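Peer 1: build the 3D model from these lines:
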Amino acid sequence: MPGNTTTLFGISLSSNSLVTIGSVNGTPASANTGMLLNPKPLGPALALNSVPGFDISPSGVAFASLEDAATGLPGVYTIDLGTGAATLVGTLPQPLGSLAIVPQSALPPVVAARDTSAPAVLLRGVKRRMSFAAFLKGVAVKVTPSEPAGLTGELLGTARRSKLASFNRTLAKKSLPLAAGQRTLKLKPKKRLVGRPSKAFKVRLRVSATDAAGNAGTATKTIRVKAPRAAASPGRR
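Peer 2: Residues are numbered from 1 along each chain as shown. Here you go, the predicted structure:
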């Protein structure tokens with residue numbers, strides 16, 4: 001288009017230099033002539049059989065893939081378009097046959113790896129043995145998940161005359177929303193579900209922690225509850 005000018009740059013292997021193909025801004029000699037003009041020394045001598053790669057990023061920074069004849073190592077360099085000076089960015093495991101700078105907008109979106117790890121759950125402050133009266137007042141536990149998580153605590157008992165597995169009756173349940181750090185759950189069993197057992201029994205405390213990705217980790221504790229004390233008979237002192 002009229003008014004638009006472009007300078008085409010290249011790497012000359014024979015002269016170890018940055019050159020323009022045609023004149024600067026294409027005047028008087030256009031790039032179509034194929035003339036190599038305005039040589040500017042790169043600095044390192046290039047391996048004669050190497051194939052330099054060259055491109056200019058959208059931000060105007062020029063890069064080249066060159067093979068240093070002195071070390072025999074290929075590498076990526078930045079090229080100063082004003083002086084031609086090549087500055088090593090890093091070596092390569094093998095030579096490149098070409099080089100192209102792709103704009104960030106042209107790259108496919110980066111897909112984050114899916115979190116599949118369940119949080120670890122640490123339970124503290126749980127008594128291994130409790131009186132029946134203390135048990136009815138509630139079981140408190142300090143819960144620390146290894147990452148922000150929602151918490152769900154349950155007290156599980158065994159239904160009488162049940163042929164199902166142990167700890168199949170939920171005596172209490174409580175949930176807390178997603179958060180980080182240590183929190184306290186207090187589970188108070190329902191008296192009508194507990195009844196008044198005639199002997200000691202066991203309950204299981206189960207706490208599940210669910211992270212933002214839906215992964216759940218669980219920890220359990222077993223608590224032995226003493227049998228309730230028998231009420232004093234009328235007339236006894």
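Peer 1: which element is the residue nearest to residue 177 when sequence neighbours are not counted on?
Peer 2: Spatially, and ignoring its direct neighbours in sequence, residue 177 is nearest to residue 150 (5.6 Å; C-beta to C-beta, 6 or more residues apart in numbering). From N, CA and C alone the C-beta is placed, and that goes for glycine too. Using DSSP states H and E, residue 150 sits within strand 149-157.
Peer 1: could you list the domains of the protein?
Peer 2: 9-103, 121-225 (automatic domain parsing).
Peer 1: closest one to residue 111 among those domains?
Peer 2: Nearest of those to residue 111, taken as C-beta to C-beta: domain 121-225 at 14.3 Å.
Peer 1: the longest helix along the chain: what's the following helix or strand?
Peer 2: Criterion DSSP state H: the longest helix present in the chain is helix 132-137. Going down the chain from helix 132-137, the next helix or strand is strand 139-145, by DSSP H and E.
Peer 1: and that next one, which strands flank it?
Peer 2: strand 121-124 (antiparallel), strand 183-187 (antiparallel) (DSSP bridges).
Peer 1: could I get the average pLDDT for the last one?
Peer 2: The reference is to strand 183-187. Mean per-residue pLDDT for strand 183-187: 96.
Peer 1: next one, pLDDT for the residue nearest in space to the middle of the chain please.
Peer 2: Centroid-nearest residue in the chain: residue 113, 6.6 Å away (criterion: C-alpha atoms, centre = their mean). Predicted confidence (pLDDT) at residue 113: the value is 86.
Peer 1: with residue 232 instead?
Peer 2: pLDDT, read off for residue 232, is 50.
Peer 1: which residues touch the lowest-mean-pLDDT helix or strand in the chain?
Peer 2: Of all helical and strand segments in the chain, the minimum by mean pLDDT, DSSP states H and E falls on helix 191-194, at a mean of 88. Contact with helix 191-194 is made by 135, 136, 157, 169, 171, as judged by C-beta atoms under 8 Å, 6 or more residues apart in numbering.
Peer 1: contact partners for residue 17?
Peer 2: 11, 39, 40, 41, 42, 84.
Peer 1: then stretch 197-205 to CSV, C-alphas only?
Peer 2: Provided in CSV are the C-alpha atoms of stretch 197-205 (Å, rounded to 0.1, in the frame of the first residue of the first chain):
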residue,chain,number,x,y,z
PRO,A,197,-28.6,-48.4,76.3
SER,A,198,-28.1,-50.8,79.1
LYS,A,199,-24.4,-51.2,78.5
ALA,A,200,-21.4,-49.4,77.0
PHE,A,201,-21.3,-49.0,73.3
LYS,A,202,-19.1,-47.6,70.5
VAL,A,203,-19.8,-44.8,68.0
ARG,A,204,-17.7,-43.7,65.0
LEU,A,205,-16.9,-40.1,64.2
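Peer 1: pull out the buried positions in it.
Peer 2: Of the residues in stretch 197-205, 201, 203, 204, 205 count as buried by neighbour count, 16 or more other C-beta atoms under 10 Å.
Peer 1: next one: residue 209 from residue 148, what distance?
Peer 2: As judged by C-beta to C-beta, to the nearest Å, residue 209 and residue 148 stand 9 Å apart.
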